[in-house]
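Colleague: after the sequence you'll find the predicted model.
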Amino acid sequence: MSKVTMAKSHLMGLVGDEDTCTAFLLGGIGELNEKREPNFLVVKKDTTIGEIESSLKKLLARKDIGIVLINQHIANDVRHIIENHTAAIPALLEIPSKEHPYDPTKDSILKRAKGMFNIDDMR
């Protein structure tokens, strides 16, 4: 009889506006850890940059989170944290929102990925 080992699953983290969080929460990503901390932050008009920074740092430090999604317009406010994040897990991905389209020129992760490849390598 062969042994099948299962990889430990990871959660998704989310820092987003109300519409984005609602969509992902309806999709089933909402979780609380053993400390009753959620894996998401709904950013509203009265949410401070400090609250966003704190929440993002907590999500990036959690061992049960494998991917953190953040709306790009929110990521612009905490760009220094995003640019300093170099760990592969959790992966940090910028996503568009309903009101703010995606701008690839502002995505620091995409810039890093483009820097890894040379066009001559593709030929």
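Modeller: Great, that's in hand.

Colleague: list the buried residues for stretch 26-46?
Modeller: Residues of stretch 26-46 classed as buried by neighbour count (16 or more other C-beta atoms under 10 Å): 29, 38-43. C-betas here are computed from N, CA, C, even on glycine.

Colleague: what's the single longest helix found in the chain packed up against?
Modeller: The helix that spans the most residues within the chain, counting by DSSP state H, is helix 49-61. For helix 49-61, the elements it packs on are strand 11-17, strand 40-43, strand 65-71, helix 79-84, judged by 3 or more C-beta pairs under 8 Å, 6 or more residues apart in numbering; DSSP states H and E.

Colleague: one more time with 10 Å, if that's ok
Modeller: Counting contacts by 3 or more C-beta pairs under 10 Å, 6 or more residues apart in numbering; DSSP states H and E, helix 49-61 is packed against strand 11-17, strand 40-43, strand 65-71, helix 72-75, helix 79-84, strand 91-95.

Colleague: contacts for stretch 94-102, please.
Modeller: Contact with stretch 94-102 is made by 14, 16-20, 23-24, 43, 68-76, 79, 82, 103-104, 106-110, as judged by C-beta atoms under 10 Å, 6 or more residues apart in numbering.
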